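S.K.: Prediction below, plus the sequence it came from.
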Amino acid sequence: MPFVICKVNVPVSREQEVELKERLGRAIELVPGKSERGLLVAVEDCCRLWLAGDDDPLAYVQADVFANEGHVGYAAFSAEMASAFKDILDIPPERVYVRYGDIPVWSVADMLVDLRMFI
């Protein structure tokens with residue numbers, strides 16, 4: 001299950017939020033075995049983000065992905081996310097920073113999914 005947290009320093013309307021969620025849902029398919037069906041997205045607008053001393057439009061994205069230790073598809077996923085932020089929120093691609101994390105184990109309700117189960 002991928003989890004993408006988007007922090008931006010600009011306001012985001014409900015319409016923009018939905019459009020961003022949809023674009024991220026399509027973009028995650030660039031990572032093998034992932035789809036919008038399992039994607040969890042959070043959008044936090046009006047964050048106090050600064051880069052190189054200025055607060056020009058900026059996005060910080062934390063993308064945590066289960067079972068992709070080889071990071072296959074991440075470059076294409078990053079590029080598509082940058083395009084989405086540009087198209088929807090007018091944030092330049094060079095101001096979209098993505099931090100990836102590997103999820104070795106996760107759970108929901110009483111179901112535990114551990115990467116070691118698949119080795």
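M.R.: Nice, I can see it.
S.K.: The residue lying closest to residue 113 once chain neighbours are set aside: which element?
M.R.: Distance criterion CB to CB, 6 or more residues apart in numbering; nearest residue to residue 113, sequence neighbours excluded, is residue 106 at 5.6 Å. Heads up, the C-betas are built off the backbone N, CA and C, glycines and all. Assigning secondary structure by DSSP states H and E places residue 106 in strand 105-108.
S.K.: Now the very next helix or strand once past that strand: average pLDDT?
M.R.: Sequence-wise, the next helix or strand downstream of strand 105-108 (DSSP H and E) is strand 111-114. What strand 111-114 shows for mean pLDDT is 82.
S.K.: Provide the contact partners of the strand holding residue 106 at residue level.
M.R.: 1, 66, 112, 113, 114, 115 (CB atoms under 8 Å, 6 or more residues apart in numbering).
S.K.: same thing with stretch 8-25?
M.R.: 4, 6, 35-36, 39, 41, 43-49, 55, 57-60, 80-81, 83-85, 87-91.
S.K.: Scan this structure for its longest helix.
M.R.: helix 74-89 (DSSP state H).
S.K.: how far is that one from where the chain is centred?
M.R.: Computed by CA atoms, centre = their mean, to the nearest Å, the chain-centroid distance of helix 74-89 equals 9 Å.
S.K.: which strands and helices sit next to the helix or strand of the chain with the lowest mean pLDDT?
M.R.: When each helix and strand of the chain is scored by mean pLDDT, DSSP states H and E, strand 111-114 comes last, with a mean of 82. Here strand 111-114 touches strand 105-108, going by 3 or more CB pairs under 8 Å, 6 or more residues apart in numbering; DSSP states H and E.
S.K.: Can I get the strand it packs on in CSV? Just the C-alpha atoms.
M.R.: Extracted C-alpha coordinates of strand 105-108, given in CSV (Å, rounded to 0.1, in the frame of the first residue of the first chain):
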residue,chain,number,x,y,z
VAL,A,105,5.4,-4.0,7.3
TRP,A,106,1.9,-2.5,7.6
SER,A,107,-1.5,-3.4,9.0
VAL,A,108,-5.1,-2.6,8.8
